[in-house]
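**Student:** here is the input, now give the coordinates:
(one chain, ligands or ions: 1)
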Amino acid sequence: MAFQPQTEDSAALLALQNESLLSFNSSLPPPPHPPSSIPPSYVVCRVRPPLPSEADSFSRVTPSGPAVHVHKPAGKAGLVDATGKIVSKKFQVHSSFSSSSTNSEVYEACCQDLVKSAAGGQDTFVICYGQTGSGKTYTATSLMTLATSDLDSVSHVSSFELRGAVCSDLLSTPPRNERKVRTDESGTDVVQHLELAPVSSRGEIEALLRTAAEFRSTASTLANPQSSRSHCFTQLHLEGGGSLTFVDLAGAEGKEDLAAHCEMGNAEERLKEMKEINGSLGDLKECIRLNLEKAKGRSARVHVPYRRSLLTRLLRRALDPELQGGGGEGGGGGGHSTTFLAHVAPGGGSQFKGTVNTLNYAEFMVKASREEEERKEFKGPEAWSKSQVVEWVKGLGGEYVALSEVFVLTGKQLHIMWQGDVVKRVIAAGGTEANAELIYNTFRDMVADAKKKARKEGGARRKLGPPPAGFGAGAKGGAEALIYGAGMSGECVENSSKGGNA
Ligand SMILES: Nc1ncnc2c1ncn2[C@@H]1O[C@H](COP(=O)(O)OP(=O)(O)OP(=O)(O)O)[C@@H](O)[C@H]1O
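**Tutor:** So this is what the prediction gives:
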């Protein structure tokens, strides 16, 4: 293979790379029909169209139904393959949209079902996630406008933004009043004294959405002249009690963005924002990663740190598979409640790194959602009814017969309960900490054993592949990485190179 320095981009090389891309794309099977039943947590990828400044690069992303393929020039150590070969890797999502998809197509696939769930009384979420400049605000704004015309029972609108540990009301008078976030009696984190603006027409809703957008913190950066510098939540509250919340997250930024901020002469303020944005997004990613670990059930005691930041506290209802869906005895089991819209840009360089990172986390969410679906089918102690749990505690004999009265809980509720809460219950009923420990540990061990057995029997649980690898982005594992070259239609070669060019 002949290599040349990555900086030596030429029209001829770009043409060869585009030819490789075409050959790759034409080798893909036609994507299957979109899923007929949408899981409670639906993970979708949207690719932004290239901006004029990105015209001199081949598109690094090919969405194809439940897969998104990302590409980079083959090469290593700053050198690219001079014959235009590219390396491709596949990420899993539930569904994907190309840069030519319209807002109405995205709305139909991602929001219409949520609107039904919200009208049925559920709290539902659309979370726009992705690196800076990938199109989150564009999508969130378009989907909100389409939802406004689709929903005829919106009674109130509220909107707030999070900047680090500060929550500001975007619809208060005067605007941007600071609000506290508190945990209510049911354990849910809520923004206190948030302005709930009553609405009676579509025009009023749209005017409030414009007001919220006007007061949201934005700034001009090199990546985006109108970059959002906060996480923004906009909520449409429905007459029946349900709601649809659009969360437009601030975009993650990397070293290149910091260098750009310095060039623009406002580095200090941007650096502070960048730290806050990346810090809270880091907490969000950690929750997503640990949700998957927890869903896999390899360790019964995985703690997902939702309380680490305001963002994760307020997103818990949308992200925690055990709280999704609203229906059923212990929560969960209801309809589609969250659409996680992963946004990616088609360019190379820092955009490419952001794309891989975004898709890594989207894939974690897809896997966690599949594990959760399988868990629902699983009929071990976790699936016990309240009376089965009471009978089991009684069956432990002695003092446990009296303690069983405070365990009128489903298997799922007992499984997710903190050890401290089990202790509180047992002590309130006259038991000891040792009694609580025995109940807590025995139950969790039974769940783990039942899962192990189901796995051994090749039962409900499907074997998942290795964790996604990230093109030298630090992730390990057996990536599905293929080399494609111009004129190599359908041919693919397993890639053993660990090149980091983008
Ligand atoms: N699907 C699309 N079609 C056409 N233009 C788009 C699309 N998505 C994004 N854009 C354009 O790309 C630019 C960046 O989009 P946007 O501001 O929504 O990015 P962002 O992810 O919200 O960025 P940040 O995190 O910096 O706020 C804007 O000029 C926007 O109009």
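**Student:** going by C-alpha atoms from here, please, whenever you check contacts or count neighbours.
**Tutor:** Will do.
**Student:** what sits against the residue nearest to Lys451 when sequence neighbours are not counted?
**Tutor:** Once flanking residues are discounted, Lys451 sits nearest to Gly380: 7.3 Å by C-alpha to C-alpha, 6 or more residues apart in numbering. Gly380 is in contact with Val447, Ala450, Lys451, counting by C-alpha atoms under 8 Å, 6 or more residues apart in numbering.
**Student:** any idea how far Leu409 is from the last one?
**Tutor:** Noted for Lys451: a distance of 20 Å to Leu409, by C-alpha to C-alpha, to the nearest Å.
**Student:** neighbour count winner among these two?
**Tutor:** Lys451 (24 against 19; other C-alpha atoms under 10 Å).
**Student:** send me the strand or helix carrying that one as PDB with only the CA atoms.
**Tutor:** Per DSSP states H and E: Lys451 is located in helix 433-456. Output in PDB follows, covering the C-alpha atoms of helix 433-456 (Å, rounded to 0.1, in the frame of the first residue of the first chain):
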ATOM      1  CA  GLU A 433     -29.600  -4.700  60.200                       C
ATOM      2  CA  ALA A 434     -28.500  -8.300  59.900                       C
ATOM      3  CA  ASN A 435     -32.100  -9.300  58.900                       C
ATOM      4  CA  ALA A 436     -32.100  -6.700  56.200                       C
ATOM      5  CA  GLU A 437     -28.700  -7.700  54.900                       C
ATOM      6  CA  LEU A 438     -29.900 -11.300  54.600                       C
ATOM      7  CA  ILE A 439     -33.000 -10.400  52.700                       C
ATOM      8  CA  TYR A 440     -31.100  -8.000  50.400                       C
ATOM      9  CA  ASN A 441     -28.200 -10.300  49.600                       C
ATOM     10  CA  THR A 442     -30.200 -13.500  49.300                       C
ATOM     11  CA  PHE A 443     -32.600 -11.900  46.900                       C
ATOM     12  CA  ARG A 444     -29.900 -10.400  44.700                       C
ATOM     13  CA  ASP A 445     -28.000 -13.700  44.700                       C
ATOM     14  CA  MET A 446     -31.100 -15.600  43.700                       C
ATOM     15  CA  VAL A 447     -31.700 -13.100  40.800                       C
ATOM     16  CA  ALA A 448     -28.000 -13.500  39.700                       C
ATOM     17  CA  ASP A 449     -28.200 -17.300  39.900                       C
ATOM     18  CA  ALA A 450     -31.500 -17.400  37.900                       C
ATOM     19  CA  LYS A 451     -29.900 -15.200  35.200                       C
ATOM     20  CA  LYS A 452     -26.800 -17.400  35.100                       C
ATOM     21  CA  LYS A 453     -28.900 -20.500  34.700                       C
ATOM     22  CA  ALA A 454     -31.000 -18.900  32.000                       C
ATOM     23  CA  ARG A 455     -27.800 -17.900  30.200                       C
ATOM     24  CA  LYS A 456     -26.400 -21.400  30.500                       C
END
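**Student:** if we go by neighbour counts, what in it is buried?
**Tutor:** Residues of helix 433-456 classed as buried by neighbour count (16 or more other C-alpha atoms under 10 Å): 433, 435-437, 439-440, 443-444, 447-448, 450-452, 454.
**Student:** pretty sure His231 is touching Asp248, no?
**Tutor:** Yes. Using C-alpha atoms under 8 Å, His231 makes contact with Asp248 at a distance of 5.9 Å.
**Student:** those two - which one has more neighbours?
**Tutor:** Just comparing His231 and Asp248: by other C-alpha under 10 Å the higher neighbour count belongs to Asp248, 26 against 23.
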